[in-house]
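Asker: quick one: sequence plus predicted model below, questions after.
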Amino acid sequence: MDEEMIEMTTGFVYDESAAQCDQTDVYKFGKVYVPILYSLVFIIGLLGNLLVVFTIVKGWQQKSVTDIFLLNLAISDLLFVISLPFWGYYTVWGWSLGNLSCPIVSSFYSIGFFGGMFFITVISIDRYLAIVHATIFMKGRTASHGFLTSLIVWVLAILCAAPHFVFMQKLENTCTSQYPQNLEDTWPVFCNLEINIIGFLLPMGIMSICYLRIIKTLFACKNHRKRRAMRLILQVVLVFFLFWTPHQVSIFLQTLKFFNMFESCNILRYLYYTMHATETLAFSHCCLNPIIYAFASEKFRKYLCHLVLKSLSFICFCGPCSHYHGRAPASLTENIPTSNQTQNTSDQDCSVLL
């Protein structure tokens, strides 16, 4: 890759005026660091999310709303991680994959990013309704409503991601944004602020409000597993905050460069090093989503074991191995409270989180 070219490994917008600052060491660092870590995130994220998709699809007996949202979250993460090998390749060799592939890969990345953030938010809202307002919204938490909500989320994700890939074009050996002349300064700022506000601050705010209300309700829950449920909630919020906040701060600092707030070459170099480090940390969050949201469910783990043991029967040399075939649970990720359980808030079943 030409060392004079500003590196564009993701859909985030960098200030091309920084090209006058010698950043040869930054590019060399990125050529080694980015492909390796992107490959690790790709492999782990691909395997984990494919396992979630496989388990939920194979368990199509009686899908709960949570099952549907988890399936769509895994699909969003798959779109996201599929784009990473292309960006890693681009970092080392430039964009030699053709004109059409540039906006397509960018769309996978952007839609996967916003879709993942939105479905994490929807899962938080769904858990809030299932626990805090169980008596009111229990009948509304149907599979059909889950599919409709998922469709709306995908439409919103595509609309929010559109500015990040519709302008992407292959230009010589690069895959970069080509904005209209009169909007060259406006669109980059808009895109970065959209990521900060709609892609992070809004989901983080909604998650925090929902889970704080859930924790308050769980204190009155008589279920013996409420401590585990509360611990899971804290893990969800803390992991999301710790993994994404540093990168979101880096994006905001990149945005400030458009207003000439950083003119020192050393500061610019530091910002690029920071961007490389924080984006990999943030991207690895999609590897943890299957663990945090799916594998944390006791029923999900049991059904996964059921599928694995069932598969073993095909390679068993001693007969059909029918003792491996247990009864699959009706829903993979939650126990829906009964009418008796939802008569009083203190009697609610905490297992919707487990």
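Answerer: Thanks, I have the structure now.
Asker: and the helix or strand hosting I267, what does it pack against?
Answerer: Using DSSP states H and E, I267 sits in helix 265-283. Judged by 3 or more C-beta pairs under 8 Å, 6 or more residues apart in numbering; DSSP states H and E, helix 265-283 is in contact with helix 24-58, helix 65-93, helix 226-256. (C-beta placed from N, C-alpha, C; glycine too.)
Asker: buried set for it?
Answerer: 268-269, 271-283 (16 or more other C-beta atoms under 10 Å).
Asker: can you dump the C-alpha atoms of that helix in CSV for me?
Answerer: Listed next in CSV are the C-alpha coordinates belonging to helix 265-283 (Å, rounded to 0.1, in the frame of the first residue of the first chain):
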residue,chain,number,x,y,z
CYS,A,265,2.2,15.9,14.1
ASN,A,266,3.0,13.9,17.3
ILE,A,267,-0.6,14.3,18.5
LEU,A,268,-1.9,13.1,15.1
ARG,A,269,0.4,10.1,15.2
TYR,A,270,-0.8,9.3,18.7
LEU,A,271,-4.4,9.5,17.6
TYR,A,272,-3.8,7.0,14.8
TYR,A,273,-2.1,4.6,17.2
THR,A,274,-5.0,5.0,19.6
MET,A,275,-7.5,4.3,16.8
HIS,A,276,-5.8,1.1,15.9
ALA,A,277,-5.7,-0.2,19.5
THR,A,278,-9.2,0.8,20.5
GLU,A,279,-11.0,-0.4,17.3
THR,A,280,-9.7,-3.9,17.8
LEU,A,281,-10.9,-3.9,21.4
ALA,A,282,-14.3,-2.6,20.3
PHE,A,283,-14.6,-5.1,17.5
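Asker: could you tell me the angle between it and helix 226-256?
Answerer: 150 degrees (axes from the mean of the first three to the mean of the last three C-alpha atoms, to 10 degrees).
Asker: contacts only, for the spatially most central residue of the chain.
Answerer: Centroid-nearest residue in the chain: G116, 3.6 Å away (criterion: C-alpha atoms, centre = their mean). G116 is in contact with 73, 76-77, 80, 286, 289, counting by C-beta atoms under 8 Å, 6 or more residues apart in numbering.
Asker: for I251, same thing?
Answerer: Contacts of I251 (C-beta under 8 Å, 6+ apart): 12, 192, 195-196, 275.
Asker: find the nearest non-adjacent residue to M275, please.
Answerer: S250 (4.9 Å; C-beta to C-beta, 6 or more residues apart in numbering).
Asker: how many residues are close by the one you found?
Answerer: Counted with other C-beta atoms under 10 Å, residues neighbouring S250 total 21.
Asker: per-residue confidence at it?
Answerer: On the pLDDT scale, S250 is placed at 92.
Asker: that one contacts L271, correct?
Answerer: Yes - between S250 and L271 there is a contact at 7.1 Å, judged by C-beta atoms under 8 Å.
Asker: what is in contact with the two at once?
Answerer: Common neighbours of S250 and L271 (C-beta under 8 Å, 6+ apart) do not exist.
Asker: now do the SS call for the residue nearest to the centre of the chain.
Answerer: Here G116 is recorded as helix under DSSP: H, G, I helix; E, B strand; the rest coil.
Asker: from A229, how far off is it?
Answerer: Using C-beta to C-beta, to the nearest Å, G116 is found at 23 Å from A229.
Asker: can you say which helix or strand has the closest residue to I120 other than its chain neighbours in it?
Answerer: Nearest residue to I120, sequence neighbours excluded (C-beta to C-beta, 6+ apart): P203, at 6.2 Å. Assessed by DSSP H and E, P203 sits inside helix 202-218.
Asker: can you pull the buried residues of that helix?
Answerer: 203-204, 206-207, 210-211, 214-215, 217-218.
Asker: for that helix, packing partners?
Answerer: helix 101-132, helix 226-256.
Asker: wait, T255 sits on N192?
Answerer: Yes - T255 is within contact range of N192, at 4.2 Å (criterion: C-beta under 8 Å).
Asker: comparing those two, which shows the higher neighbour count?
Answerer: N192 (24 against 21).
Asker: would you mark the buried spots in the host helix or strand of that one?
Answerer: Element membership of N192 [criterion: DSSP H and E] is helix 186-196. For helix 186-196, burial by neighbour count (16+ other C-beta under 10 Å) applies to 187-188, 191-192, 194-196.
Asker: poorly predicted segments of the chain, please.
Answerer: Residues of the chain meeting the criterion pLDDT under 70: 1-23, 60-62, 222-226, 298, 308, 310-354.
Asker: can you get me a residue count around the spatially closest residue to G199 that is not a sequence neighbour?
Answerer: Nearest residue to G199 in three dimensions, chain neighbours excluded: M117, at 5.3 Å (C-beta to C-beta, 6+ apart). M117 has 26 neighbours, counted by other C-beta under 10 Å.
Asker: now swap in K302 and tell me
Answerer: Neighbours around K302, by other C-beta under 10 Å: 13.
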